[in-house]
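Participant: Predicted model, plus sequence, below.
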Amino acid sequence: MANIGFIGLGNMGLPMLRNLLKAGHKVCVYDIVASARDAATQDGASSASEPAGVLEDADAVITMLPAGEHVQGIYLGKDGLLSRCKTKPIFIDCSTIDVGAAREVARAASDAGLDMIDAPVSGGVGGAAAGTLTIMVGGADAAFARAKPFLEPLSRLVVHAGGSGNGQAAKACNNMILGITMIGVCEAFVLGEKLGLDHDKLFEVTANATGQCWTISSYCPVPGPVPTSPANNDYKAGFTAAMMLKDLKLAQQAALASGASTPLGAEAQSIYSLFNAAGYGDMDFSGIIRFLRGN
Ligand code: NAD
């Protein structure tokens with residue numbers, strides 16, 4: 001079994017760490033929040049008093065942080081992991097961040113002679129707890145091969161999407177589809193209500209016709225048809241509207257930088273911006289149906 005360093009013990013990081021412990025690995029953790037470190041040590045991890053403390057004897061270091069600036073802060077600079085590193089663990093960043101920042105940090109790792117991959121995840125807190133995340137990886141073949149055994153206890157599928165930053169690129173594309181389709185499905189259900197259609201009937205049709213998609217079949221935004229969807233729990237997240245807005249912004253940032261034309265992605269970002277600005281950032285992103293309905 002291996003020694004793993006783990007930084008970022010939030011909603012996703014803590015359950016991911018638990019699955020690494022369950023797989024028999026020794027894990028040393030760091031988080032800026034002391035109570036998060038305490039929760040991890042109660043589960044059997046050891047804890048460091050600064051980020052570089054997790055490097056000692058580490059075969060792999062996993063980071064699960066909020067955004068690009070946190071990842072740059074942890075890896076780069078004179079106190080960053082890359083300059084404090086005396087051995088050669090594989091670095092795995094599972095945070096969802098912009099493609100540019102992911103490539104910048106990976107380049108710095110490569111310049112220091114270190115292997116690094118970007119490995120953002122899909123599947124939410126439930127998938128993190130169950131060890132059933134889908135993980136999309138960007139990085140060199142050799143780095144991917146080193147990282148894969150550490151990703152397996154966390155996931156049901158690991159896809160090597162290409163070179164550095166391509167994991168983040170795949171995540172941005174996937175979540176842009178998710179944001180757009182959620183709004184489209186919500187609009188259809190609101191239209192159906194106005195036309196006198198029962199939710200169950202519209203679900204039965206669309207889940208079995210050409211409108212079928214994940215947001216209908218697995219995450220239906222009205223109460224009833226899919227018992228596990230947040231619509232049945234007053235739109236308690238789940239995946240928050242704030243997170244969706246963050247991911248749509250990352251997709252638009254990538255579209256701007258690459259010259260891709262993504263008008264529906266831009267519109268989805270605007271709609272989720274309004275929803276967030278109206279005070280619904282903590283609500284599940286499917287709650288946007290209430291906003292579109294006007295209640
Ligand atoms: P979170 O805010 O719950 O956790 C982030 C953790 O990082 C916190 O414990 C925070 O204290 C810690 N942290 C922040 N700055 C730090 C620093 N400088 N050093 C050490 N620790 C630091 O976020 P989360 O929901 O766990 O999400 C983490 C990442 O996963 C994000 O990039 C998010 O976009 C992505 N993601 C989240 C979900 C989800 O459903 N929550 C799903 C897929 C991907």
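Facilitator: Sure thing, it's come through. Numbers count the residues shown, from 1 in each chain.
Participant: So what's the residue count around the closest residue to the ligand within the stretch 1-150 of the chain?
Facilitator: Nearest to the ligand, among the residues of the stretch 1-150 of the chain, is Gly10, at 1.7 Å (Cβ to the nearest ligand atom). No exception for glycine: its C-beta is placed from N, CA and C like everyone else's. Neighbours of Gly10 under the rule other Cβ atoms under 10 Å: 15.
Participant: Isn't it up against Ala36?
Facilitator: Yes. Shown here, Gly10 and Ala36 form a contact pair, counting by Cβ atoms under 8 Å, at 7.0 Å.
Participant: Heading C-terminal from the longest helix seen in the chain, find the next helix or strand.
Facilitator: In the chain, assigned by DSSP state H, the helix with the most residues is helix 166-194. Scanning forward in sequence from helix 166-194 by DSSP states H and E, the next helix or strand is helix 199-206.
Participant: Contacts for that next one next, please.
Facilitator: For helix 199-206, the surrounding residues in contact (Cβ atoms under 8 Å, 6 or more residues apart in numbering) are 185, 188-189, 192-193, 211-212, 216, 220, 222-226.
Participant: again, but for stretch 270-284
Facilitator: 179, 183, 230, 235-242, 244-245, 248, 285, 287-288, 291.
Participant: Is it positioned near the ligand?
Facilitator: No. Contact between stretch 270-284 and the ligand is absent, the nearest approach being 10.2 Å (criterion: Cβ under 6 Å from any ligand atom).
Participant: First residue to last residue on that stretch, what's the distance there?
Facilitator: End-to-end distance for stretch 270-284: 17 Å, by Cα to Cα, to the nearest Å.
Participant: Just the buried residues of that stretch, please?
Facilitator: Ile271, Tyr272, Phe275, Asn276, Tyr280, Gly281, Met283, Asp284 (16 or more other Cβ atoms under 10 Å).
Participant: if I pick the residue of the stretch 151-295 of the chain found nearest the ligand, what's in contact with it?
Facilitator: At 4.9 Å from the ligand, Phe239 is the closest residue in the stretch 151-295 of the chain, using Cβ to the nearest ligand atom. When contacts are counted by Cβ under 8 Å, 6+ apart, Phe239 touches Gly124, Asp284, Phe285.
Participant: and it, what are its phi and psi?
Facilitator: phi -110, psi 120 (degrees, to the nearest 10).
Participant: re the thing from before, I'd assumed the residue of the stretch 1-150 of the chain closest to the ligand was in a helix, is it?
Facilitator: No. Applying DSSP: H, G, I helix; E, B strand; the rest coil, one finds Gly10 to be coil, outside a helix.
Participant: Spit out the contact partners of it.
Facilitator: So Gly10 contacts Asp31, Ala36, Met64, Pro66 (Cβ under 8 Å, 6+ apart).
Participant: wait, what's in contact with Asn233?
Facilitator: Listed by Cβ under 8 Å, 6+ apart, the contact set of Asn233 is empty.
Participant: Quickly check: the helix or strand encompassing Ala129 near the ligand or not.
Facilitator: Using DSSP H and E, Ala129 maps to helix 124-130. Yes. Contact of helix 124-130 with the ligand (Cβ under 6 Å from any ligand atom) involves Gly124, Val125.
Participant: and the helix or strand following that helix, what's its mean pLDDT?
Facilitator: Where DSSP H and E defines the elements, the next helix or strand beyond helix 124-130 is strand 133-138. If you average the pLDDT over strand 133-138, you get 98.
Participant: other SSEs contacting strand 133-138?
Facilitator: strand 116-118, strand 121-122, helix 141-151, strand 155-162, helix 166-194 (3 or more Cβ pairs under 8 Å, 6 or more residues apart in numbering; DSSP states H and E).
Participant: which of these is buried the deepest?
Facilitator: Mean neighbour count (mean count of other Cβ atoms under 10 Å) peaks for strand 116-118 among those, with a mean of 29.
Participant: So what touches that strand?
Facilitator: Here strand 116-118 has contacts from 90-93, 97, 102, 105-106, 109-110, 137-139, 143-144, 147, 164-168, using Cβ under 8 Å, 6+ apart.
Participant: Centre of the chain to that strand, how far?
Facilitator: Here the centre of strand 116-118 is set off from its chain's centre by 15 Å, with Cα atoms, centre = their mean, to the nearest Å.
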